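Asks: A predicted structure for the sequence below; I have some questions about it.
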Amino acid sequence: MAGGDVLAVDAVACAAIGLAADHIEYLRMAQEAGIGTIDLEQIEICGDSLAEVQVHLRTAPTASKAFSALFPEVTIIDGNACSGCSGSLYLSLKTAKEQGLLDRIPDLKLVVGAGIAEVPAGEHILCLGNCTKPLSAAHHLPGCPFISIEFCDLLRTTS
């Protein structure tokens, strides 16, 4: 795809994969700033029509859904964790699983991300990262992001 208006090109590309350009914040903001247009009604499309090239893409699962599928031994309560804590969580769970640590604590719930208002009910709750410190859980692993080795050490010493 090519064009003289970069926003128009992005809007057409979005439409080609089944996304609405006005649902993408930075494209909306750029249009509001007068950089170009994302209104398909105002864009001249040359060559193949959108109907001819349109492909609907599936979105990837959230990190917490993917982690839940990979690590069913734990329950993950995700308050929109940043990429740092998401990466640390994956490495921690992978390492803990390889070391046989995930089966040691029944009903383990891991809380990660700043979007959690209160600690969920349960006996075995572990709040991960600095964002969860205000939750005042019995077990909190600080860090930004938290450290995988410390996560595994905590699992080893908790029963």
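Replies: On my side now, so go ahead.
Asks: List the contacts of stretch 32-43.
Replies: 5-8, 10-12, 14-15, 21-22, 27-28, 30-31, 50 (CB atoms under 8 Å, 6 or more residues apart in numbering). Yep, even glycine has a C-beta here, placed from its N, CA and C like the rest.
Asks: try 6 Å this time
Replies: D5, L7, A8, A11, A21, L27, Q31 (CB atoms under 6 Å, 6 or more residues apart in numbering).
Asks: For these, which entry has the maximal number of neighbours?
Replies: A11 (26 neighbours; other CB atoms under 10 Å).
Asks: list the contacts for that residue?
Replies: With CB under 6 Å, 6+ apart, A11 has these contacts: A21, I38.
Asks: and it, that one's in a helix?
Replies: Yes. Counting by DSSP: H, G, I helix; E, B strand; the rest coil, A11 is located in a helix.
Asks: distance of it from L19?
Replies: To L19, A11 is 9 Å away according to CB to CB, to the nearest Å.
Asks: what do you get for A117?
Replies: Taken as CB to CB, the span from A117 to L19 is 31 Å.
Asks: neighbour-wise, which of the two wins?
Replies: Neighbours were tallied for A117 and for L19 using other CB under 10 Å; the higher tally belongs to L19 (17 against 7).
Asks: what's the burial count for L93?
Replies: 22.
Asks: sec struct for it, please.
Replies: Using three-state DSSP, the structure places L93 in helix.
Asks: Could you list which residues are in contact with it?
Replies: Per CB under 6 Å, 6+ apart, neighbours of L93: F71.
Asks: For this structure, which segments count as helices?
Replies: Along the chain, the stretches classed as helices by DSSP state H are 6-16, 25-32, 50-53, 63-70, 83-98, 148-157.
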